[in-house]
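1. Okay, sequence plus prediction incoming.
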Amino acid sequence: MLRGSCLCKRITFETDATPKGVSMCHCGQCRKQSGGIWSSAFVAETDLTVTGPVAWYEASPIAKRGSCPTCGSFLFWKAHAEDTISFSLGAIDGPTGLTLEKHIFVADKGDYYQIADGLPQKEQ
């Protein structure tokens, strides 16, 4: 079971499903919203239990981003056309037991750091 929360603990989430797609996103939207690289994994939306007042932001025509309206923690990313939901690995309370699989949207990464871990890098 993975459990997570926002900074103020007003929003909590949990899943007992095995997360997939463990990645670090370097896109401009994730960098602006999180202040850096956003690490996440996804599960089926029906496998994630969320409590609290998630504020959803329609970031693009294809996806929305969920955050806490009180503390501002960026917690979720949801594509409109998919039945999965990504959640922030940084918001997990305790160890995740997961291993990073890839970097995504590296074409948009900041110029102030290098990716040097040898993992696959996807341009978009």
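-> Looks like it came in fine.
2. Please name the residues that touch Ser39.
-> Contacts for Ser39 (Cβ atoms under 8 Å, 6 or more residues apart in numbering) come out as Val22, Ser23, Met24, Cys25, Ser88, Leu89, Gly90, Leu100. Placement of C-beta: from N, CA and C, glycine included.
3. let's see 10 Å
-> By Cβ atoms under 10 Å, 6 or more residues apart in numbering, Ser39 lies in contact with 22-25, 30, 86, 88-92, 96, 98, 100, 103.
4. Of those residues, which is the most crowded?
-> Among the contacts of Ser39, Ser86 has the most neighbours (other Cβ atoms under 10 Å), with 26 neighbours.
5. still on that earlier bit, taking the contacts of Ser39 one by one, which sit in helices?
-> Mapping these onto helices (DSSP state H) picks out Cys30.
6. Could you single out the nearest of the contacts of Ser39 to Gly110?
-> Cys30 (10.8 Å; Cβ to Cβ).
7. got a list of what the closest one touches?
-> Counting by Cβ under 10 Å, 6+ apart, Cys30 has contacts 24, 36-40, 59, 65, 74, 77, 104-105, 108.
8. picking up where we left off before, return the subset of the contacts of Ser39 lying in strands.
-> Val22, Ser23, Met24, Cys25, Ser86, Ser88, His103 (DSSP state E).
9. Rebuild these as TSV, extending it with pLDDT and distance to Thr46.
-> Listed next are those as TSV, based on pLDDT from 0 to 100; distance: Cβ to Cβ, whole Å:
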residue	pLDDT	distance to Thr46
Val22	98	20
Ser23	98	21
Met24	98	26
Cys25	98	23
Ser86	98	15
Ser88	98	19
His103	98	28
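10. Tell me the one among these nearest to Ile115.
-> Distance to Ile115, by Cβ to Cβ, is smallest for His103 among these, at 5.5 Å.
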